[in-house]
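# no sequence on this one, just coordinates:
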Ligand code: PMT
């Protein structure tokens, strides 16, 4: 199921060059299953034709305050219809109007009439972005509950480099998902690990595994969406960093251990989805091992620290969730790990099952709690699996399910 299935999103487009990115945003939202309606300022129509948004959203585009074909004033019907209003791009001018309650066109009038969450993705020249008036207006809007999606750094339409580029459509979609998710983990500190580790043989060769980081990233995103303060520690992965989540990148099991221990003190919940290498070469050579130096190569491997087992020994009140990547005797092996590492929940996956485990966007998992009770879940996206895991965590935090 697409993440925004059936959600009613009103997209406000104002007059800046980044309006062209709003077209990509519309298309992404529709792909995620959302129903999108677009309201444009007159100035926005100078950058992108309304027909573009009409075609991409499948709905008429709203520009005029006074449409004769509607039974209700249009600003009221649009405001009542929307579950979320996102203005992307938002110019300095529109931000100023919103902060001061000015309603002199359809878009700004809808913003006053709407009681749904408001997301603002500013886009402007870097001097305008830094201007105290703009910053003060943004602060006012934030204090009233609007969520500002910060602009990125890069080449601006004026030819300069600086901060002011509208956030990428993918980032705005993440922010929308966040805004629409109920916040049952507000204020909870969640530490998530993801990805593989690399254990070096020499500076260019290493022992690793197939983990892509997708499962751990999905957990971090889902926890963030539910209001948790998330810290993500990840081994090497080509995945882009998940927006709005402080992310620490590490390479080896030892580095992951250090980063996890650093975040452990303030964590209420730790979820270890990382595929930490269990062994490393006894010695990492400082220079490249040349082929003609040896006729055969015997690598002596020694165990890496078992991070989760170490956390289990000093967990206090924290909730510890582990994963078990298995190829046989799934439940038996996972239960053994749950007990030996002193976990509250273990997420067992048979990595040989099609659609499960490494690299795929989906997983098939069995959740086993502290009592040993197992629940097998059907194939679902890793983001959906993440929510199922967090449902258990939320119940444990309420104090009614730690012991099953
Ligand atoms: O990253 P993806 O491509 O999305 O793949 C997802 C996944 C298959 C990696 C994920 O679903 C998963 O199963 N993660 C755990 C992989 C693993 O290392 O399992 P394990 O059974 O070997 O380890 C048990 C638990 O101990 C895990 O929580 C692991 O993070 C932890 N561990 C393991 C070894 C070690 N030295 N230190 C640890 O903390």
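Nice, thanks for sending it over. What you see is a predicted model; the values in this text were computed from it and never measured.

# remind me which residues of the stretch 1-150 of the chain are low pLDDT?
1-2, 67-73 (pLDDT under 70).

# Excluding chain neighbours, what is closest to whichever residue of it sits closest to the ligand?
Proximity of the stretch 1-150 of the chain to the ligand (CB to the nearest ligand atom) peaks at residue 3, 17.1 Å away. The C-beta positions use only the backbone N, C-alpha and C, and glycine is treated the same way. Sequence neighbours aside, residue 32 is the residue nearest to residue 3 in space, at 5.2 Å (criterion: CB to CB, 6 or more residues apart in numbering).

# who are the neighbours in contact with that neighbour?
With contact set as CB atoms under 8 Å, 6 or more residues apart in numbering, residue 32 has these partners: 2, 3, 4, 5, 173.

# Point out the residues in the stretch 101-250 of the chain that sit beside the ligand.
Contact residues (CB under 6 Å from any ligand atom) of the stretch 101-250 of the chain with the ligand: 195, 211, 212, 213, 214, 215.

# Now with 5 Å, please.
Within the stretch 101-250 of the chain, the residues that sit near the ligand (CB under 5 Å from any ligand atom) are 211, 212, 213, 214, 215.

# Just send those residues back as TSV, with secondary structure too.
Compiled in TSV, these are given as follows (DSSP: H, G, I helix; E, B strand; the rest coil):
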residue	secondary structure
211	coil
212	coil
213	coil
214	helix
215	helix
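
# who wins for neighbours among those?
residue 215 (32 neighbours; other CB atoms under 10 Å).

# Tell me how far that residue lies from residue 34.
Remark: distance between residue 215 and residue 34 (CB to CB, to the nearest Å) = 25 Å.

# list the contacts for the residue nearest to residue 64 when sequence neighbours are not counted?
The spatially closest residue to residue 64, leaving aside those adjacent along the chain, is residue 106, at 6.3 Å (CB to CB, 6+ apart). Contacts for residue 106 (CB under 8 Å, 6+ apart) come out as 39, 41, 62, 63, 64, 65, 74, 75, 78.

# what do you get if the cut-off is 7 Å, keeping everything else the same?
39, 62, 63, 64, 65, 74, 75 (CB atoms under 7 Å, 6 or more residues apart in numbering).

# Now the buried members of those residues.
39, 62, 63, 74, 75 (16 or more other CB atoms under 10 Å).

# and the residue nearest to the second one when sequence neighbours are not counted, what helix or strand is that in?
If the residues on either side of it in the chain are set aside, residue 62 comes closest to residue 39, at 4.4 Å by CB to CB, 6+ apart. Taking DSSP states H and E as the criterion, residue 39 maps to strand 35-40.

# Confirm that residue 267 sits in a helix.
No - counting by three-state DSSP, residue 267 is not found in a helix; it is coil.

# Which residue ranges of the stretch 51-200 of the chain form helices?
Ranges of helices in the stretch 51-200 of the chain, per DSSP state H, counting those that start in this stretch, are 74-81, 92-99, 106-113, 126-130, 132-143, 169-180.

# what's the next secondary structure element after the host helix or strand of residue 257?
Using DSSP H and E, residue 257 maps to helix 253-264. Sequence order places strand 269-272 as the next helix or strand after helix 253-264, per DSSP H and E.

# and the next element down the chain from that following strand?
Per DSSP H and E, the first helix or strand lying C-terminal to strand 269-272 is strand 279-281.

# Now do the residue nearest to residue 64 against residue 9, distance only.
Applying CB to CB to residue 106 and residue 9 gives a distance of 17 Å.
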